[in-house]
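A.B. asks: Sequence unavailable; structure follows:
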Ligand SMILES: Cc1ncc(COP(=O)(O)O)c(C=O)c1O
């Protein structure tokens with residue numbers, strides 16, 4: 001499958017605040033082939049981009065800030081937003097457009113906007129919907145960076161984010177809804193406790209409250225779940241994690257289902273019921289209908305606040321996505337094996353992996369994640385902080401790092417790092433105890449990872465052990481005489 005028509009990049013339309021839906025808009029349905037292609041086929045081919053100049057097979061990296069206009073009239077046409085073509089890479093770039101199309105396809109969304117990081121994705125997604133004076137309801141268990149963004153930065157902008165107490169009780173969401181509530185937010189696989197939320201139930205509650213439901217699906221990826229199929233309106237990812245996969249490129253994406261009925265709620269979202277700033281003519285809702293939110297998010301928030309993704313990072317992201325299903329299959333199989341092993345260790349008081357029957361949300365895990373439950377989770381050592389220190393310092397294959405979703409296995413002590421800014425009471429409430437250790441299980445051999453942890457646990461028991469890697473340097477030496 002080379003330059004097929006099904007996946008031609010959407011380069012029609014133009015940049016600017018009222019032209020947003022052009023990028024990543026799913027045109028596949030319009031030219032549907034009789035066969036529904038599987039995920040692994042689509043992760044390789046959904047961004048197939050014909051390079052008409054040289055026939056390059058790989059999506060070229062267009063590292064160009066701007067794009068030439070043939071003449072005076074073409075410049076005017078490009079700025080008018082009609083007729084296609086590129087203007088400036090902060091707004092649109094051919095490399096990025098192809099990857100946006102790929103991500104929209106894999107998530108089953110109507111359009112995608114790449115941004116410079118996962119943090120930029122949550123910022124852009126929320127600011128595309130709410131304004132000063134609005135109220136947002138969020139699940140309590142979310143990435144700490146997002147929580148800080150909500151509690152501090154958005155508070156300074158006059159946006160109040162309230163955290164529900166019982167995220168799996170739709171009534172707890174609904175009873176907190178105020179006249180100015182404009183958005184529900186949650187995370188698909190929360191880290192480090194895997195305290196899953198019932199996506200469909202909360203989506204229903206959001207729609208009863210007449211607001212969109214936005215979720216961060218970073219730790220799940222579209223291979224494990226497509227939240228849009230469960231009623232979610234906007235999906236964001238830190239693409240820095242499993243999607244890029246190799247720990248080499250920070251990035252983020254906002255994917256819109258194109259389903260929220262903005263026209264029915266025009267009074268509550270006045271920025272969409274008005275023409276784009278500085279312009280006359282139809283409102284975004286009149287022009288884009290259910291894609292009005294996407295149009296504003298892309299054209300007025302992402303491109304003006306300006307956290308654009310470098311085309312080089314988009315290229316690295318695409319390289320990563322091409323092997324997503326293969327990597328995730330290995331990630332989840334190894335994570336389950338390691339979680340099971342950890343549960344058998346006497347030093348471990350609990351393992352927060354939703355794939356284990358002992359996890360409080362195991363039923364939700366089986367229902368929403370039939371392909372596996374991710375590979376980022378925590379376990380708690382009875383020996384507290386000192387035991388965590390010993391284990392973390394002893395491992396040799398796991399990398400001590402604050403990052404997740406990498407091909408490499410990673411280990412971290414959240415109480416003294418990612419969650420250190422919380423008060424002791426807040427940590428206690430979130431189940432972040434002193435002995436809690438977070439793992440991001442990579443794609444190395446599971447047996448080697450368990451051997452690494454086993455050695456660390458034996459050191460914790462007082463054994464004096466040689467390095468697991470003793471002698472492996474020789475194995476890595478290139479064969480002589482080649
Ligand atoms: C679930 C989740 N969302 C968002 C982010 C932020 O992503 P980024 O580091 O790409 O800004 C992270 C980062 O760890 C994350 O784990």
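C.D. replies: Ah, there it is. Computed from a predicted model, the values in this text were never measured in an experiment.
A.B. asks: what does the protein put close to the ligand?
C.D. replies: 117-119, 143, 145-146, 191, 216, 218-219, 238, 240, 250, 252, 404 (C-beta under 6 Å from any ligand atom). Glycine gets a C-beta too; all of them are placed from N, C-alpha and C.
A.B. asks: Just give the nearest non-adjacent residue to whichever residue of the stretch 1-150 of the chain sits closest to the ligand, would you?
C.D. replies: For the stretch 1-150 of the chain, the residue closest to the ligand is residue 118, as judged by C-beta to the nearest ligand atom, at 2.2 Å. Closest residue in space to residue 118, ignoring its immediate chain neighbours: residue 238 at 2.3 Å, by C-beta to C-beta, 6 or more residues apart in numbering.
A.B. asks: can you tell me which residues contact the one you found?
C.D. replies: Going by C-beta atoms under 8 Å, 6 or more residues apart in numbering, residue 238 touches 117, 118, 119, 121, 143, 216, 218, 251, 252.
A.B. asks: Give the buried subset of these as a ChimeraX selection command.
C.D. replies: Here is the ChimeraX command that picks out the buried ones among the contacts of residue 238, judged by 16 or more other C-beta atoms under 10 Å:
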select :117,118,119,121,143,216,218,251,252
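A.B. asks: Quick check: the farthest pair among the contacts of residue 238?
C.D. replies: Greatest spatial distance among those (C-beta to C-beta): 143 and 251, at 15.3 Å.
A.B. asks: Ramachandran coordinates for the residue nearest the centre of the chain?
C.D. replies: By C-alpha atoms, centre = their mean, the chain has its centre lying nearest to residue 237, at 1.6 Å. Per-residue torsions, residue 237: phi -140, psi 150 (degrees, to the nearest 10).
A.B. asks: and it, what are its bridge partners?
C.D. replies: Beta-bridge partners of residue 237, counted by DSSP bridges, are residue 253.
A.B. asks: Residue 219 is in contact with that one, correct?
C.D. replies: No. Residue 237 lies out of contact with residue 219 (C-beta atoms under 8 Å); the separation is 9.2 Å.
A.B. asks: For residue 440, what are phi and psi?
C.D. replies: Dihedral angles of residue 440 (phi, psi; degrees, to the nearest 10) stand at phi -120, psi 110.
A.B. asks: That one contacts residue 376, doesn't it?
C.D. replies: Yes. The criterion here is C-beta under 8 Å, and residue 440 meets it with residue 376 at 4.8 Å.
A.B. asks: Domain map for the protein?
C.D. replies: For the chain, automatic domain parsing gives the domain ranges 20-129+212-321, 326-465.
A.B. asks: and residue 231, how many neighbours?
C.D. replies: Using other C-beta atoms under 10 Å, residue 231 has 18 neighbouring residues.
A.B. asks: What residues does it make contact with?
C.D. replies: So residue 231 contacts 199, 200, 203, 204, 207, 213 (C-beta under 8 Å, 6+ apart).
A.B. asks: before we move on, what about residue 247?
C.D. replies: Taking C-beta under 8 Å, 6+ apart as the test, what residue 247 contacts is 240, 403, 406, 407, 408.
A.B. asks: go on, residue 95?
C.D. replies: If you count contacts by C-beta under 8 Å, 6+ apart, then residue 95 has 59, 60, 61, 62, 311, 314, 315 around it.
A.B. asks: If we use 6 Å, what do you get?
C.D. replies: Residues in contact with residue 95 (C-beta atoms under 6 Å, 6 or more residues apart in numbering) are 61, 62, 311, 314, 315.
A.B. asks: Kindly reformat these as TSV containing secondary structure, neighbour count and distance to residue 176.
C.D. replies: Listed next are these as TSV, based on DSSP: H, G, I helix; E, B strand; the rest coil; neighbours: other C-beta atoms under 10 Å; distance: C-beta to C-beta, whole Å:
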residue	secondary structure	neighbour count	distance to residue 176
61	coil	18	46
62	coil	18	46
311	helix	23	42
314	helix	30	38
315	helix	21	43
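A.B. asks: mind listing the strands for the stretch 351-482 of the chain?
C.D. replies: 376-381, 399-400, 410-412, 436-440 (DSSP state E, counting those that start in this stretch).
A.B. asks: Could you export those to CSV, including columns for mean neighbour count?
C.D. replies: Shown next, in CSV, are those (neighbours: other C-beta atoms under 10 Å):
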stretch, mean neighbour count
strand 376-381, 26
strand 399-400, 14
strand 410-412, 22
strand 436-440, 27
